[in-house]
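Visitor: Predicted model and sequence below, questions to follow.
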Amino acid sequence: MSQKFHIKKNDLVVVIAGAHKGKQGKVLEIRSSKSRAVVEGVAMIKRHLKKSQENPQGKIAEREGTIHVSNLMLQSRYDTSKRAKKAAAPAKA
């Protein structure tokens with residue numbers, strides 16, 4: 001049986017922790033076995049592809065990596081939270 005998460009495919013989310021904190025995007029896929037999600041334009045990784053029919057030269061393709069679901073928050077909840085207000089406020093000199 002698959003787990004129930006607070007996010008689902010096609011939701012708009014914000015990364016609230018980790019190296020990609022503050023980035024936002026649409027959930028492309030949920031990998032429930034490892035509690036991770038693929039978010040559009042976030043956590044980009046390079047994948048080296050071997051020479052093949054489609055890639056006669058081979059190439060280095062860039063694609064999205066996964067992020068743990070605990071580091072993601074729905075955009076709508078983020079906008080109403082203290083986090084968004086804190087990020088929007090200018091830093092004191």
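Guide: Done, it's in. These figures come from a predicted structure and were not determined experimentally.
Visitor: okay, CA-based contacts and neighbour counts for the rest of this
Guide: Fine.
Visitor: Please pull up the helix or strand immediately following the strand ranked longest in the chain.
Guide: Of all the segments of type strand in the chain, defined by DSSP state E, the longest one is strand 24-31. Proceeding N to C from strand 24-31, the next assigned helix or strand is strand 36-39, under DSSP states H and E.
Visitor: Can you give the strand pairings for that following strand, parallel or anti for each?
Guide: According to DSSP bridges, strand 36-39 forms sheet pairs with strand 24-31 (antiparallel), strand 66-68 (antiparallel).
Visitor: Pull the residues that contact the shortest one.
Guide: Strand 66-68 is contacted from outside by 35-39, 43, using Cα atoms under 8 Å, 6 or more residues apart in numbering.
Visitor: The same query, at a cut-off of 6 Å, please.
Guide: With Cα atoms under 6 Å, 6 or more residues apart in numbering as the test, strand 66-68 has contacts from 36-38.
Visitor: Now list the buried members of these.
Guide: Buried residues within these, defined by neighbour count using 16 or more other Cα atoms under 10 Å: 36-38.
Visitor: in the sheet, who's paired with the residue nearest the centre of the chain?
Guide: The centroid of the chain falls nearest to Val39 when counting by Cα atoms, centre = their mean (3.2 Å). Listed beta-bridge partners, Val39: Val27 (assigned using DSSP bridges).
Visitor: Please report the confidence value the model assigns to it.
Guide: Listed pLDDT for Val39 reads 96.
Visitor: that older thread, mean confidence for the longest strand of the chain?
Guide: So the average pLDDT for strand 24-31 ends up being 95.
Visitor: Same question for stretch 73-90.
Guide: Regarding stretch 73-90, the rounded mean pLDDT is 81.
Visitor: residue ranges of the strands in this structure, please?
Guide: 12-15, 24-31, 36-39, 44-49, 59-64, 66-68, 72-74.
Visitor: for Ala37, what are its contacts?
Guide: Residues in contact with Ala37 (Cα under 6 Å, 6+ apart) are 29-31, 66-67.
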